[in-house]
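**Student:** Quick one: sequence plus predicted model below, questions after.
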Amino acid sequence: MSGWDDGPTQVESGNAIGHGGGYGYDDQNGPPRDDKCFSCGEEGHRKFDCPNAAPMTCRYCKEPGHMAKECPTKPPMSCDNCGEEGHLRKDCTNARKIDRSGVADMAAELAWDMIKRAAAEQDANDAKEGIQAYVKALNGGITFRELQEAFIHDKINIWLIATERSLIEIFTNMDLQGNMGKKYTVTYRFSEKPQRPRDIEGWPKSVDEILARLDDAGDVVDTGKPKCSNCDELGHTAKQCTQEKVVREAKGLSCYNCGADGHRIRDCTEPRKDRFACRNCGKSGHKSVDCEEEPNLDNVTCRKCEESKQALEYE
């Protein structure tokens, strides 16, 4: 064993409110429209025009007269990323305050012994648990490079190999101190040499390069920042987007049974096809390899180009 780290529901337009699906105000054949006020229940006006509206109530302190954002008793907003006050996660540029509450509590010496045993037995799970416990015992006061140098000094056969990986936008590499945006992704191995052909490309060429890369490396974590479905940028949602709204073409309906557009399989008038039927005779209950009928070239379909009537040779 050489290593262990390899690494809204769609709403149909026909059923959406206001689109003629039988549930909206635009449905001329639907139930009578209810013009009652959602606030007081009387007819003749809407909630925002209600003369009998209840006083505004704060969602935080439950007191009337103000909104939560204006609440005098609400503490200052704090960042979910760094824990500091005055900004939100989406605007944070500080190092993350790492929550290690889920990591076992143990003395640094015991955690180091656990790492040694795991390396000797090449136990991936224990090795990683030991490393996490050791880092926690030191309150995050050790870098990936210092950790690797300590492994080398104590002849512990665990290697922190940093390689470049393509990550989707909402993920990033974070070091042991919470600094994000690192270039390399750390993988945990039991050898400093690549053990598989696919690992050769991008693998550090020497121990010096292994150590140098660890200065700009980290584990893969979620950035915690939303991705806008309108402009595809991080840091805000489509509702908050200031860019011009992108009109995306809606996907048409297609039937899984007959392949035609405009309806679903539940509305299809064509006979249901058995997609697990014999490819040779078309009957259900067996596969083509078990078919007792003569080979029928009219039913033969090439698995590569999906064209039928391919010339096949039968011995």
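**Tutor:** Nice, thanks for sending it over.

**Student:** use CA for all of it now, contacts and neighbours both
**Tutor:** Noted.

**Student:** Could you list which residues are in contact with S39?
**Tutor:** S39 sits next to 47, 50, 52-54 when contact means CA atoms under 8 Å, 6 or more residues apart in numbering.

**Student:** Around C281, count how many other residues there are.
**Tutor:** Using other CA atoms under 10 Å, C281 is surrounded by 20 other residues.

**Student:** So it, which state does it fall into?
**Tutor:** With DSSP: H, G, I helix; E, B strand; the rest coil as the basis, C281 sits in coil.

**Student:** Can you lay out the contacts of S39 as JSON lines showing neighbour count?
**Tutor:** JSON lines is the format used below for the contacts of S39 (neighbours: other CA atoms under 10 Å):
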{"residue": "K47", "neighbour count": "15"}
{"residue": "C50", "neighbour count": "16"}
{"residue": "N52", "neighbour count": "12"}
{"residue": "A53", "neighbour count": "13"}
{"residue": "A54", "neighbour count": "10"}
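
**Student:** how about the strands in this structure?
**Tutor:** 159-163, 171-174, 184-189, 217-222 (DSSP state E).

**Student:** Output those as a markdown table; include the columns mean neighbour count.
**Tutor:** Formatted as a markdown table, the strands of the chain follow (neighbours: other CA under 10 Å):
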| stretch | mean neighbour count |
| --- | --- |
| strand 159-163 | 24 |
| strand 171-174 | 21 |
| strand 184-189 | 23 |
| strand 217-222 | 20 |
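
**Student:** Which one of those lies nearest to K205?
**Tutor:** Each of the strands of the chain has some distance to K205 by CA to CA; the shortest is strand 159-163, at 10.8 Å.

**Student:** ok, now which ones touch N157?
**Tutor:** 119-120, 151, 190-191.

**Student:** what is the closest residue to E233 other than its chain neighbours paired to in the beta sheet?
**Tutor:** For E233, ignoring the flanking residues on the chain, the nearest one in space by CA to CA, 6 or more residues apart in numbering is K227 at 5.7 Å. With DSSP bridges as the criterion, K227 is bridged to L234.

**Student:** quick one: contacts for K227?
**Tutor:** 170, 233-237.

**Student:** just P55 next, same as before
**Tutor:** With contact set as CA under 8 Å, 6+ apart, P55 has these partners: 64-65.

**Student:** What distance do you get for it to E244?
**Tutor:** Distance check for P55 against E244: by CA to CA, to the nearest Å, it reads 36 Å.

**Student:** Surely A68 touches P76?
**Tutor:** No - the pair A68 / P76 is not scored as a contact, 11.6 Å apart, by CA atoms under 8 Å.

**Student:** If you count surrounding residues, which of those two has more?
**Tutor:** The neighbour comparison of A68 against P76 (other CA under 10 Å) goes to A68, with 15 against 11.

**Student:** and the more buried one, what pLDDT?
**Tutor:** For A68, the model assigns a pLDDT of 85.

**Student:** What separation is there between it and Y60?
**Tutor:** Distance, A68 to Y60, by CA to CA: 6 Å.

**Student:** so what sits against both of these two?
**Tutor:** Residues within reach of A68 and of Y60 at once, by CA under 8 Å, 6+ apart, are K74.

**Student:** what about F190, neighbour count?
**Tutor:** Look at F190: counted by other CA under 10 Å, it has 22 neighbours.

**Student:** I should have written D49 there, sorry.
**Tutor:** Neighbours around D49, by other CA under 10 Å: 11.

**Student:** For it, give its distance to R59.
**Tutor:** 22 Å.

**Student:** got TSV for the strands of the chain, with distance to E43 and mean pLDDT too?
**Tutor:** Formatted as TSV, the strands of the chain follow (distance: least, CA to CA, whole Å; pLDDT from 0 to 100):
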stretch	distance to E43	mean pLDDT
strand 159-163	66	97
strand 171-174	51	96
strand 184-189	62	96
strand 217-222	49	96
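
**Student:** what stretches of the protein score poorly on pLDDT?
**Tutor:** 1-34, 250, 299-315 (pLDDT under 70).

**Student:** Which residue is the nearest non-sequential neighbour of P204?
**Tutor:** Excluding the flanking residues, the one nearest P204 by CA to CA, 6+ apart is I210, at 5.6 Å.

**Student:** isn't the one you found right next to E149, touching?
**Tutor:** No - at 10.2 Å, I210 and E149 do not qualify as touching, with contact defined as CA under 8 Å.

**Student:** Settle it for me: which of the two has more neighbours?
**Tutor:** Shown here are I210 and E149; by other CA under 10 Å, I210 has more neighbours (20 against 16).
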